[in-house]
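K.L.:
next come a sequence and a model predicted from it.
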Amino acid sequence: MSIAKTIAEQMEHASWIRQMFEIGARLKQERREENVFDFTLGNPDGEPPEKVISALRRVADRNLSRSHAYMPNAGFTAVREVIARQLSRQTGLAYSSDLILMTAGASGAINVVLKSLLDPGDEVILLAPFFPEYQFYIENHGGRRVLVDTDEAFQPDLARIAAAITRAPKRSSSIRQQPDRRDLLD
C-alpha cells in the first residue's frame with residue numbers, strides 16, 4: 001500500500017523527533033528519570049497537582065450517564081460555560097461559551113485554528129526555534145511557512161516579524177474581510 005508523497009516525506013523528516021523521544025526514554029532508565037530533562041514531544045516535566053487528580057477521581061466515581069462518550073465538537077457546554085465565566089472574572093472581558101473551543105492538547109488547537117483560517121498559499125510566520133511538527137501542521141492546511149528568528153533570549157523580535165509580513169492579495173469573502181496584516185503591528 002502506498003501513501004501520498006507529501007506524507008512520506010514528512011514522516012521521513014519527522015522521524016528524528018520520535019528517535020529523540022526513544023533515546024530520552026532509554027536515558028531515563030539508564031540515568032534515572034530525575035537526571036534527564038526530556039522536552040522532545042512537549043510533555044510536561046511535572047505531575048498534575050493533587051487537586052486535579054482528586055477532581056478526576058470524583059468525576060469517575062460519579063459515573064454519570066454518557067460522561068465517557070463522545071462530546072460535542074466544541075467540548076461539553078457546561079465545561080465551556082465554566083471556563084467562560086472564569087475568563088470573564090480574570091480578564092474583565094465578556095466571554096461566552098460559544099467563544100470557547102476545547103481540544104485535546106495544543107496540537108489539536110493549532111490544527112483547528114490553521115484549518116479555520118488558512119487558504120492555500122497563505123503565509124504563516126513561524127518563530128524559530130520551534131517544535132518541528134508545526135511546519136507540517138501549516139503545510140497540511142495549505143499554508144506556507146515563513147521562518148523568523150527570535151532574539152538572543154528566544155523572545156519575538158517585532159522588527160523581524162514586521163519585515164517578514166508580505167502584503168497578501170485581498171480575498172473576497174462572503175463571511176468577512178480580513179484586515180491587512182501589517183495594520184496589526186502598527
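P.N.:
Looks like it arrived, so ask away.

K.L.:
mind listing the helices for this structure?
P.N.:
If DSSP state H is used as the criterion, the helices of the chain fall at 5-31, 50-62, 77-91, 105-117, 133-140, 158-164.

K.L.:
the lowest-mean-pLDDT helix or strand in the chain vs helix 133-140, what angle?
P.N.:
Sorting the helices and strands of the chain by mean pLDDT, DSSP states H and E puts helix 5-31 at the bottom, at a mean of 79. Angle of helix 5-31 versus helix 133-140, following axes from the mean of the first three to the mean of the last three Cα atoms, to 10 degrees, is 160 degrees.

K.L.:
which residues of this protein score low on pLDDT?
P.N.:
Where the chain drops to pLDDT under 70, the residues are 1, 13-16, 39-43, 45, 168-186.

K.L.:
residue furthest from the geometric center of it?
P.N.:
Distance from the C-alpha centroid of the chain peaks at Glu30, with 31.8 Å (Cα atoms, centre = their mean).

K.L.:
tell me the contacts of that one?
P.N.:
Counting by Cβ atoms under 8 Å, 6 or more residues apart in numbering, Glu30 touches no other residue. The C-beta positions use only the backbone N, C-alpha and C, and glycine is treated the same way.

K.L.:
and it, how far from Val36?
P.N.:
9 Å (Cβ to Cβ, to the nearest Å).

K.L.:
and Leu126, by the same measure?
P.N.:
28 Å.

K.L.:
equivalent analysis for Leu93, please.
P.N.:
Per Cβ to Cβ, Leu93 is found 41 Å from Val36.

K.L.:
out of the two, which sits in the busier spot?
P.N.:
Using other Cβ atoms under 10 Å as the criterion, Leu93 and Val36 rank with Val36 on top: 16 against 9.

K.L.:
off-centre distance for the least confident helix or strand of the chain?
P.N.:
19 Å (Cα atoms, centre = their mean, to the nearest Å).

K.L.:
what do you get for stretch 24-42?
P.N.:
23 Å.

K.L.:
picking up where we left off before, would you indicate which residues of the least confident helix or strand of the chain are buried?
P.N.:
Using 16 or more other Cβ atoms under 10 Å as the test for burial, helix 5-31 gives 10, 24.
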